[in-house]
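K.L.:
Output the structure for:
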Amino acid sequence: MRFSRLGLILFVFTTVMIGTNCSYYNQIIARKNLVDGANAYQGRKFKDAENLFREAIARDPNGSSIEGRTAQLFLARTLHSEYIGNRKDIPLAEQAIQEYQKVLKFDQKDQSSFKAVANLYENLGKDDEWLKWITERTTNESVPEAQRSEALTSLAAKKNSCANDISDTEATKKTVTRDGKQVFEFVKPANAEDFATLKQCAAEGLDLSKRAVDLDQNSDSAWSYYASLLVQNMRVAEMEGNKEQAEKFKAQSDEAREKFTALAEAKRQKEQAEADRKKAEAEAANKK
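P.N.:
Numbers count the residues shown, from 1 in each chain. Below you'll find the model as predicted:
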C-alpha cells in the first residue's frame with residue numbers, strides 16, 4: 001500500500017501530535033503524583049508517598065523533565081525517612097542510597113543528596129564505602145570548589161579524631177610547671193604502634209585540611225580543622241623532642257585559629273542579621 005504525499009504528511013503530523021499529547025499527559029499525571037505524594041509524605045504516610053513518587057518516575061525514568069527529577073529526589077528522601085523510622089531495615093537504607101545516587105546523576109552539585117548518602121553509609125557502618133564516596137568528591141572537578149573543600153574537611157575531621165584519641169590521654173598529656181605556670185607536656189604513648197598511627201593521622205590530616213583551605217579560603221570549618229591538625233603535629237614534634245618544629249606548628253596553629261574565629265564571627269553576624277530581618281518582616285505582616 002502506497003501513501004499519497006498529502007496522506008504521508010497527515011500521517012507524520014498525527015504521529016507527532018499523539019506523541020506530544022502523550023508526553024504532555026504523562027507530565028500532568030506526574031505533577032498530580034508529586035502533589036499527592038507530597039501530601040502523603042507530610043501526613044507521614046510514607047508507603048503511599050513512595051508508591052506515588054515511583055509512579056511519577058515511571059512516566060519519566062530518564063529524568064528529562066523537572067517532574068521526573070523531582071520525583072526521583074522525593075523518592076530518595078521518602079525511603080530515607082522510612083529508614084530513620086526503622087533503622088533495623090538495612091535494605092531500605094541501601095535503596096535510599098541507590099535512589100540518591102540516581103538524583104546525583106541528574107545534578108552532581110546536589111550537596112544535600114551527596115551528604116545524605118555519606119550519612120547513610122556512616123549509619124550502616126560502611127566505612128570503606130563512606131571513604132570512597134567522600135574521596136571521589138574531593139577530586140570531582142564538576143562540582144564547586146567549596147563542595148570539594150567540604151569533602152576534604154570531612155576526611156580531615158576523621159584524621160583529627162584518630163590523632164586526638166591517641167595524643168589527648170592521661171598517658172600522653174602531662175601537666176607540668178614551667179616558669180611558675182602549669183602547662184601541658186606531651187609524651188610518646190607507650191605503644192610504638194600507637195605513636196606511628198598518631199604520626200600518620202596527624203600528617204595526613206594536615207595535608208587534607210590544607211587542601212581544603214586552599215580550595216575555600218572562606219570556610220570556617222576548614223580553617224578550624226587546619227588549626228586543630230597543626231596542634232596535633234605540634235604534639236608529635238614535642239613528643240619527638242623537636243622543640244623548634246613544635247614552636248613552628250604552634251605559631252601556624254595560632255594564625256589559623258585567628259582566621260577561623262574571624263570567619264565564624266562573620267558567619268554568626270550574617271545569620272543573626274538574617275534572623276532579625278525575618279523577624280522584622282513577620283512583625284510588620286502581623287501589624288497589617
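K.L.:
Neighbours of K188, how many?
P.N.:
18 (other C-beta atoms under 10 Å). The C-beta positions use only the backbone N, C-alpha and C, and glycine is treated the same way.
K.L.:
same thing with V35?
P.N.:
When neighbours are counted by other C-beta under 10 Å, V35 registers 12.
K.L.:
Please apply the same query to N140.
P.N.:
Residues lying near N140 (other C-beta under 10 Å) number 14.
K.L.:
contacting residues for it?
P.N.:
Q108, R148 (C-beta atoms under 8 Å, 6 or more residues apart in numbering).
K.L.:
Now do the phi/psi pair for K109.
P.N.:
phi -90, psi 0 (degrees, to the nearest 10).
K.L.:
neighbours around it, how many?
P.N.:
Neighbours around K109, by other C-beta under 10 Å: 12.
K.L.:
okay, it: pLDDT?
P.N.:
Looking at K109, its pLDDT reads 96.
K.L.:
Quick check: the spatially closest residue to it that is not a sequence neighbour vs N39, distance?
P.N.:
Spatially, and ignoring its direct neighbours in sequence, K109 is nearest to V143 (5.4 Å; C-beta to C-beta, 6 or more residues apart in numbering). Counting by C-beta to C-beta, to the nearest Å, the separation of V143 from N39 is 33 Å.
K.L.:
Looking at these two, which has the bigger crowd around it?
P.N.:
In this view V143 and N39 are compared by other C-beta under 10 Å, and V143 has more residues nearby, 20 against 13.
K.L.:
what's the helix or strand for that one?
P.N.:
Using DSSP states H and E, V143 sits within no helix or strand.
K.L.:
How about the contacts made by it?
P.N.:
Q108, K109, R137.
K.L.:
any idea how far it lies from R277?
P.N.:
The separation that V143 has from R277, given C-beta to C-beta, amounts to 30 Å.
K.L.:
same question, N233
P.N.:
42 Å.
K.L.:
Tell me which of these two has more neighbours.
P.N.:
N233 (24 against 10).
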